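Trainee: A predicted structure for the sequence below; I have some questions about it.
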Amino acid sequence: MTEKSGTALSRRQLLTMIGVSAGATAMYQAMHSLGFAAESKFQGPIRLSGAPKGASVLVLGAGIAGLVAAYELRNAGYQVQVLEYNARAGGRNWTLRGGDRYAELGGETQECRFDPELYINPGPWRLPYHHRGMLSYCKRLGVALEPFVQINYNAYLHSRKAFGGKPQRLRAVQADYDGHVAELLAKATRNHALDAEVTAEDQAILLSSLRSSGALDSNYRFVKGPDSSERRGFERDPGGGLSARPAFSEPIALSDLLRSGLWAALSFGALYDMQTTMFQPVGGMGQVGQAFARELAPLIRYNAKVVDIHQDERGVSATFEDISAGSSRQTVRADWCVCTIPLSILGQIPMNVGASMARAIAAVPYCTGLKVGLQFKRRFWEEDEQIYGGITYTDLPIGQISYPSSRFFADGKGVLLGAYIWDMRNSMDFTSMTPAERVSKAVEYGSQIHPQYSKEFDNGIAVAWHRVPSAMGCFGLWSDAARAEHYDNLCAFDGRIVLAGEHASYMPAWQEGAVTSALDAIDRLQERALAGAAA
Amino acid sequence: MNKKRLTPTAAAALCSAIALASIVFSGLLLEGRARADTAGILDSEPFTSTDGRQIYEHVCRGCHMANAGGAIGAGRFPALTKNPALGSRQYMALTILMGRRNMPAFGAKYAVGFGGPPVILNEAQIAAVINYVRTNFGNHYTDPITAAQVGALDRSPH
């Protein structure tokens, strides 16, 4: 039932897999080194005491960090001005829907041709339950949330090199991995291989737990039968009447499962950042930025390209070009500056800060991620394959396919996330293509998983983050070494300027990093402002 | 490993220091490096082409664009045409090896991956893409760089 991948497993790989939840451990370590698994430091709504009389703050950038800073500082009584490059608020918090036009660097303009109520979030798209800052602002700003389906046992794991390229249901791979590992461990226990580590009394409990966790039969075997089929699914589901009798399904053989490599994707849902329940704003992630924009409307100056930032002992000036009006230059000034411009851009803007902050700004390359949204004539993933939300992971360059978590069972067209590429090899390759080529490639690859693609494809849109004029990169890619040397210098006040954004957090790419960095920055700003006013 | 990224002054100083030194070419290429553990099942194949044009079109073009004209948004991606920095092949090599601001490093000693291994270009690949850029897009430089020269820059103390 399978094609051999031909890659022999090393002893180390085998040992790693036999460890409980090994994929999750390895993944956790990788993510942790990037700062991913960090818990939000959000401690409930910030309570800044009153601003010193007449105190003013210039906020550069109206992404999540800038919006949070502006919102809280305004509420505390500061005079706030916000400069934003785009003609909209939100920054990377952004939703593309039908009728939107998007011009990327290099001059290509795409028009989104999705049907009403269908959308794609080119940037952030999900909110973990413990990102309390983002959830709190959604609640305060009236942004309705709905569940985001991260884990769907009926979605696929797919590798070109395994099972003849036939996608496997997550349900089956998970059940078989758990079952085989439990059986091996039960064997080792009953063969007294664990006598040195586990007491006889505990061994009895361990065996019971392995039967439970691995769906083993009464002989501690993971085999075709009622126990395994209750996890991995049936060959023929139980029903009613004369056609009621179920047919059990055959588990994948251990060796085939190990060599498939599909086990490596089992841990995603176990990650702290991906555990259920996750949320998404109803109508797209961009609802958050739009809600802030409504709150702060008179304070935000759009189409403002910052070209110079200069501080002296009394305040900070920012010079900007109005890119909607022939690049005329203007300068605004305030007592303090919260600068949330991505480092990919800030590193090119003249700004008189000390060497340590300047070196920190230059120390962080940006991830090359990109997404492709595809509209299809019908929701075939639901109608044909009973996939309602969740994610299929694949070894194809598209990385994953995500099914919409809203409007289940709706008639009419549907939009998939047809590619979410963040490994550098494939994302650089896709960024190098024209938008039309990216969409075409996403359809070509995706049809290897869903053959319906070729018949049902309608239209698509592709956003490569290095080509987004306001971001020029996806998110700050801190190495451990760079973080050790530069992170504190990046976050520390330099005179009257403080930086905020996901790049100034231990939660790269997550909006919660932007929220918590902004709150941390304005808390320190308030201290300084009050100290200055008292002096 | 010192993971400092390249600054223009450091690069200029380094280039002149190297130009003055007599360099022994080792000719050894760092092939077949161990790949970092990949996250998930994505198969991120190493980029192996040693053809300068292929490297440009699959790795560089995303930012520097099809005509090497770069781009201007809130910031800019430098043009690789009519750009005096191209006059120094050593500067180009060090920029590719070590990265510069939001441009990732491609040297094995400096590259940072995400969701898989980083894109690593070896000495031969870096030389190939430098020579391709410096002789295309309206550039007509006649002093190619060799893989060994890139390797010497990579091993030089900095």
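Mentor: Looks like it came in fine. Numbering: from 1, shown residues only, chains lettered A, B, ... in the order given.
Trainee: what's the spacing between A:Thr95 and A:Arg329?
Mentor: 32 Å (CB to CB, to the nearest Å). Where you see a C-beta, it was placed from the backbone N, CA and C, and this is true even at glycine.
Trainee: and these two? which has more neighbours close in?
Mentor: The neighbour count for A:Thr95 versus A:Arg329, taken as other CB atoms under 10 Å in any protein chain shown, is higher for A:Thr95 (22 against 11).
Trainee: Skip ahead from the lowest-mean-pLDDT helix or strand in chain B and say which helix or strand is next.
Mentor: Every helix and strand of chain B was ranked by mean pLDDT, DSSP states H and E. The lowest is helix B:8-20, at a mean of 47. Downstream of helix B:8-20, the next assigned helix or strand under DSSP states H and E is helix B:52-55.
Trainee: So which elements touch that following helix?
Mentor: helix B:123-134 (3 or more CB pairs under 8 Å, 6 or more residues apart in numbering or on different chains; DSSP states H and E).
Trainee: mind listing what's buried in whatever helix or strand comes next after the helix it packs on?
Mentor: With elements assigned by DSSP H and E, the helix or strand that comes after helix B:123-134 is helix B:147-155. Judged by neighbour count using 16 or more other CB atoms under 10 Å in any protein chain shown, the buried positions of helix B:147-155 are B:147-154.
Trainee: just those residues now: which is nearest chain A?
Mentor: Nearest to chain A out of those is B:Asp154 (CB to the nearest CB; 17.2 Å).
Trainee: I'd guessed that closest one sits against B:Phe106; true?
Mentor: No: assessed by CB atoms under 8 Å, B:Asp154 is found out of contact with B:Phe106, at 10.7 Å.
Trainee: Please enumerate the shared neighbours of the two.
Mentor: Shared contacts of B:Asp154 and B:Phe106 (CB atoms under 8 Å, 6 or more residues apart in numbering or on different chains): B:Leu97.
Trainee: tell me which residues of stretch A:379-395 are tucked away?
Mentor: A:379-382, A:385, A:387-395.
Trainee: An error on my part: the question was meant for stretch A:437-445.
Mentor: For stretch A:437-445, by 16+ other CB under 10 Å, it's A:438-443, A:445.
Trainee: Same list, those residues, but as CSV with distance to A:Gly373 and secondary structure please.
Mentor: Below are these laid out as CSV (distance: CB to CB, whole Å; DSSP: H, G, I helix; E, B strand; the rest coil):
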residue, distance to A:Gly373, secondary structure
A:Arg438, 11, helix
A:Val439, 9, helix
A:Ser440, 14, helix
A:Lys441, 14, helix
A:Ala442, 9, helix
A:Val443, 12, helix
A:Tyr445, 15, helix
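Trainee: For those residues, give me a markdown table that also has pLDDT.
Mentor: Formatted as a markdown table, the buried residues of stretch A:437-445 follow (pLDDT from 0 to 100):
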| residue | pLDDT |
| --- | --- |
| A:Arg438 | 98 |
| A:Val439 | 98 |
| A:Ser440 | 98 |
| A:Lys441 | 98 |
| A:Ala442 | 98 |
| A:Val443 | 98 |
| A:Tyr445 | 98 |
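Trainee: If we only consider the residues you listed, which is nearest to chain B?
Mentor: Proximity of the buried residues of stretch A:437-445 to chain B (CB to the nearest CB) peaks at A:Arg438, which lies at 10.7 Å.
Trainee: What sits closest to the closest one if chain neighbours are left out?
Mentor: A:Ala462 (3.7 Å; CB to CB, 6 or more residues apart in numbering or on different chains).
Trainee: show me the contacts for that neighbour.
Mentor: So A:Ala462 contacts A:110, A:370-373, A:419, A:430, A:435, A:438-439, A:442 (CB under 8 Å, 6+ apart).
Trainee: Equivalent analysis for A:Tyr302, please.
Mentor: With contacts defined as CB under 8 Å, 6+ apart, A:Tyr302 is in contact with A:62, A:84, A:86-89, A:324.
Trainee: quick one: contacts for the most centrally placed residue in chain B?
Mentor: The centroid of chain B falls nearest to B:Ile96 when counting by CA atoms, centre = their mean (2.2 Å). B:Ile96 makes contacts with B:105-107, B:121, B:126, B:129-130, as judged by CB under 8 Å, 6+ apart.
Trainee: Name the residues of the stretch 401-535 of chain A found near chain B, please.
Mentor: A:422-426, A:428-429, A:431-432, A:464, A:466-473, A:477-479, A:481-482, A:485 (CB under 8 Å from any CB of the partner chain).
Trainee: One more pass at 6 Å, please.
Mentor: A:422-425, A:428-429, A:431-432, A:466, A:469-470, A:472-473, A:477, A:479, A:481-482 (CB under 6 Å from any CB of the partner chain).
Trainee: For PyMOL, what selects the buried ones among those?
Mentor: Selection of buried members from those for PyMOL, criterion 16+ other CB under 10 Å:
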select buried, chain A and resi 422+423+424+425+428+429+431+432+466+469+470+472+473+477+479+482
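Trainee: Thanks again, I'm all set now.
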